[in-house]
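K.L.:
I'll drop the sequence and a predicted model, then ask my questions.
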Amino acid sequence: MTDPIHKAPAGSEQLLERAIETSLLRAILPDHPLSRRRLVDAVGRSTLLAALGSLLPLEACKTAAKEESQQQVSSAAKGSSKLPLEKTKLKVGFVPITCATPIIVAHPLGFYAKYGLEVEVVKTAGWAVARDKSLNREYDASHMLTPMPLAISLGIGSSAVPFVVAALENVNGQAITLGTQHQDKRDPKQWKGLRFAVPFEYSMHNFLLRYYLAEHGLDPDKDVQIRVLPPPDMVANLRAGNVDGFLAPDPFNQRAVFEQVGFIHLLSQKLWDRHPCCAFAASQSFASSMPNTFGALLRAIIDATQYASKPEHRSSVAKAIAPKDYLNQPETVVEQVLTGKYADGLGALEDSPDRIDFEPFPWQSMAIWMLTQMRRWGYLKEDVDYAKIAEQVYLAADCAKVMKELGYAAPSETRKLHFIMGKPFDSAQPRAYIESFPIRRS
């Protein structure tokens, strides 16, 4: 039976504090949950805690517990692969897109085994399923869209559970694709009334599409329709005329060209070069309760990410991840995405080596940008401590330490200046940034 004292709060900091209070109450009142329920109902939770606080240093206990939790997550990211692993058989979810390349390729190329792990990589239909299986602990860790762990930690779209991003999977790797019937609509101002798909609400795809539309004077909530579709369903819906276009992860932009039902209007790198897309994420409880396993998993992911980043490996990586068990795509489609040498669906052959790249470092300034877009479009109902949430969820400093230990170059800072469609984003001024946009919900 679930302890009735515990209810999900609004944010990750509050969630952690609530969990600590519940643990203290359980320790002080080691009785059946129904007995605790009667006591709490009779006197009230806050009154009970205040009474106990007059006898015990509860605030000091909570502070110490919070510090210990953060230290456990930090040490998990830094944990030596030589230490005994708490668990060796793991399930890691992935959605079949090229952004998941490091998580996928670590399986056939042996990066998990290198660190003593036996990992089952589980193909997942879409992001809602990936989120729910992660929350239900069916997955030990998962490939997630970079905004998802922020949303989950804040309880946006799900119950509030602290999650961490230990490493990015990829940068760039998206595109705006339109149906072939819209070749005469290359100006976004002509898109009023069109229907677009994105893979998830809490995604860079949604935020970048909204940004792009708004910069061209279109209100994304009034002038067009934006609907959520799992990436594997996008090409079929484009062919059927259910949508006019999508801002999607690859390889589905290239698959639309391959199927002759769409053309690539714009690569997402043209909106924000080296923008984040997907991440390797896990619950804070997994990271802190199994620090050696989490550390070994992170090392395997970082190694695989660095391997996939090298241009000379892209063709062999395409061959490794194209089969049915992984992406289930024609190898030529995957190779066009990974090498950046591709047909655009308009008769041209393009060469864009950075169409997708793989970088593990999770910049906290990127997380702050995502939070500003959640606030801008009404997913966040009020302002939050943007920097604090980014620091709690995006383990930038810890990732850098692991990268250095493995012999890879790593940034010395956790934030930097970003440029989105030519406009600078200063992560130290999130509210001013939000207010600078004439089209917004907040």
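P.N.:
Right, received. Where do you want to start? On a predicted model such as this, the values are computed, not experimentally measured, just so you know.
K.L.:
tell me the phi and psi of the spatially most central residue of the chain?
P.N.:
The residue lying closest to the centre of the chain (Cα atoms, centre = their mean) is T146, at 2.3 Å. In terms of degrees, to the nearest 10, the main-chain angles of T146 are phi -60, psi -30.
K.L.:
could you number the chain from 47 rather than 1 from now on?
P.N.:
Done: numbering now begins at 47, and the last item shifts to T192.
K.L.:
contacting residues around it?
P.N.:
V211, L214, M250, P322, C323, C324, A325, P408, M412, A413, M416 (Cβ atoms under 8 Å, 6 or more residues apart in numbering). For glycine as for every other residue, the C-beta is placed from the backbone atoms N, C-alpha and C.
K.L.:
which of those residues fall in strands?
P.N.:
In this view, these that belong to strands under DSSP state E are V211, L214, C324, A325.
K.L.:
what's the farthest-apart pair in those?
P.N.:
For these, the farthest-apart pair by Cβ to Cβ is V211 and C324; their separation is 10.0 Å.
K.L.:
shared neighbours of those two, which are they?
P.N.:
Shared contacts of V211 and C324, counting by Cβ under 8 Å, 6+ apart, come down to M190, T192.
K.L.:
one step back: for M336, state which of the contacts of T192 is nearest.
P.N.:
Nearest to M336 among the contacts of T192, counting by Cβ to Cβ, is V211 at 17.1 Å.
K.L.:
the closest one contacts L441, doesn't it?
P.N.:
Yes - under the criterion of Cβ atoms under 8 Å, V211 makes contact with L441 at 6.6 Å.
K.L.:
what's the pLDDT at L75?
P.N.:
At L75, the model reports a pLDDT of 60.
K.L.:
re the thing from before, go ahead and build a PyMOL selection from the buried members of the ones in strands among the contacts of T192.
P.N.:
To isolate the buried ones among the ones in strands among the contacts of T192 in PyMOL, judged by 16 or more other Cβ atoms under 10 Å, type:
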select buried, resi 211+214+324+325
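K.L.:
now flag whichever of the ones in strands among the contacts of T192 is closest to M449.
P.N.:
L214 (11.5 Å).
K.L.:
any idea what the closest one is bridged to?
P.N.:
With DSSP bridges applied, L214 shows beta-bridge pairing to A325.
K.L.:
what's the answer for the one 10 residues further on, then?
P.N.:
Residues found in beta-bridge contact with L224 (criterion: DSSP bridges) are G291, F309.
K.L.:
just checking, it touches V303?
P.N.:
No - the pair L224 / V303 is not scored as a contact, 11.0 Å apart, by Cβ under 8 Å.
K.L.:
quick one: secondary structure of the residue nearest to D186 when sequence neighbours are not counted?
P.N.:
Sequence neighbours aside, L136 is the residue nearest to D186 in space, at 4.4 Å (criterion: Cβ to Cβ, 6 or more residues apart in numbering). Following DSSP: H, G, I helix; E, B strand; the rest coil, we place L136 in the strand state.
K.L.:
next one: L254
P.N.:
L254 is classified as helix under three-state DSSP.
K.L.:
tell me the contacts of the closest residue in space to it that isn't next to it in sequence?
P.N.:
Excluding its sequence neighbours, the residue lying closest to L254 (Cβ to Cβ, 6+ apart) is L317, at 5.4 Å. Applying Cβ under 8 Å, 6+ apart, we find L317 in contact with L254, Y257, Y258, I466, M467.
K.L.:
okay if I get those as CSV plus secondary structure, distance to T351 and neighbour count?
P.N.:
Formatted as CSV, the contacts of L317 follow (DSSP: H, G, I helix; E, B strand; the rest coil; distance: Cβ to Cβ, whole Å; neighbours: other Cβ atoms under 10 Å):
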residue, secondary structure, distance to T351, neighbour count
L254, helix, 22, 22
Y257, helix, 26, 23
Y258, helix, 27, 22
I466, strand, 23, 19
M467, coil, 27, 13
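K.L.:
which of these lies closest to F483?
P.N.:
The nearest member of these to F483, counting by Cβ to Cβ, is Y257 at 8.8 Å.
K.L.:
what's the separation between the closest residue to the closest one other than its chain neighbours and Y248?
P.N.:
Nearest residue to Y257, sequence neighbours excluded (Cβ to Cβ, 6+ apart): I466, at 6.4 Å. Relative to Y248, I466 is positioned 18 Å away (Cβ to Cβ, to the nearest Å).
K.L.:
please parse the chain into its domains.
P.N.:
With domains defined by automatic domain parsing, the chain comprises 58-121, 133-488.
K.L.:
most tightly surrounded among those domains?
P.N.:
Mean neighbours per residue, mean count of other Cβ atoms under 10 Å, is largest over these for domain 133-488, with a mean of 20.
K.L.:
chain center to it: distance?
P.N.:
Here domain 133-488 is found 6 Å from its chain centre; the criterion is Cα atoms, centre = their mean, to the nearest Å.
K.L.:
ends of that domain, how far apart?
P.N.:
Start-to-end span of domain 133-488 (Cα to Cα, to the nearest Å) is 45 Å.
K.L.:
picking that back up, I'd like the ones in strands among the contacts of T192 laid out as TSV, including distance to T378.
P.N.:
Compiled in TSV, the ones in strands among the contacts of T192 are given as follows (distance: Cβ to Cβ, whole Å):
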residue	distance to T378
V211	32
L214	27
C324	23
A325	28
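K.L.:
of the ones in strands among the contacts of T192, just say which sits nearest to E451.
P.N.:
Of all these, E451 sits closest to L214, with 17.8 Å by Cβ to Cβ.
K.L.:
relative to T147, how far out is that closest one?
P.N.:
Distance from L214 to T147, by Cβ to Cβ: 12 Å.
K.L.:
just L181 next, same as before
P.N.:
According to Cβ to Cβ, L181 stands 25 Å off from T147.
K.L.:
cool, and C324?
P.N.:
From C324 to T147 the distance is 9 Å (Cβ to Cβ).
K.L.:
kindly report the same for T192.
P.N.:
15 Å.
K.L.:
picking up where we left off before, how far away is the residue nearest to the centre of the chain from A342?
P.N.:
Distance from T192 to A342, by Cβ to Cβ: 23 Å.
K.L.:
so where's the stretch 247-396 of the chain shaky on pLDDT?
P.N.:
Along the stretch 247-396 of the chain, no part satisfies pLDDT under 70.
K.L.:
which residues in it form helices?
P.N.:
Under the criterion DSSP state H, counting those that start in this stretch, the stretch 247-396 of the chain contains helices at 250-261, 280-286, 298-304, 330-335, 337-355, 360-367, 377-385.
K.L.:
now the first one - C-alpha only, PDB.
P.N.:
Think helix 250-261. Only the C-alpha atoms of helix 250-261 are listed here, as PDB (Å, rounded to 0.1, in the frame of the first residue of the first chain):
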ATOM      1  CA  MET A 250      13.100  20.800 -29.000                       C
ATOM      2  CA  HIS A 251      11.100  20.000 -32.100                       C
ATOM      3  CA  ASN A 252       8.000  21.700 -30.700                       C
ATOM      4  CA  PHE A 253      10.000  24.600 -29.300                       C
ATOM      5  CA  LEU A 254      12.000  25.200 -32.400                       C
ATOM      6  CA  LEU A 255       9.000  25.000 -34.700                       C
ATOM      7  CA  ARG A 256       7.100  27.500 -32.500                       C
ATOM      8  CA  TYR A 257      10.100  29.800 -32.500                       C
ATOM      9  CA  TYR A 258      10.500  29.600 -36.300                       C
ATOM     10  CA  LEU A 259       6.800  30.300 -36.900                       C
ATOM     11  CA  ALA A 260       6.600  33.200 -34.400                       C
ATOM     12  CA  GLU A 261       9.700  34.800 -36.000                       C
END
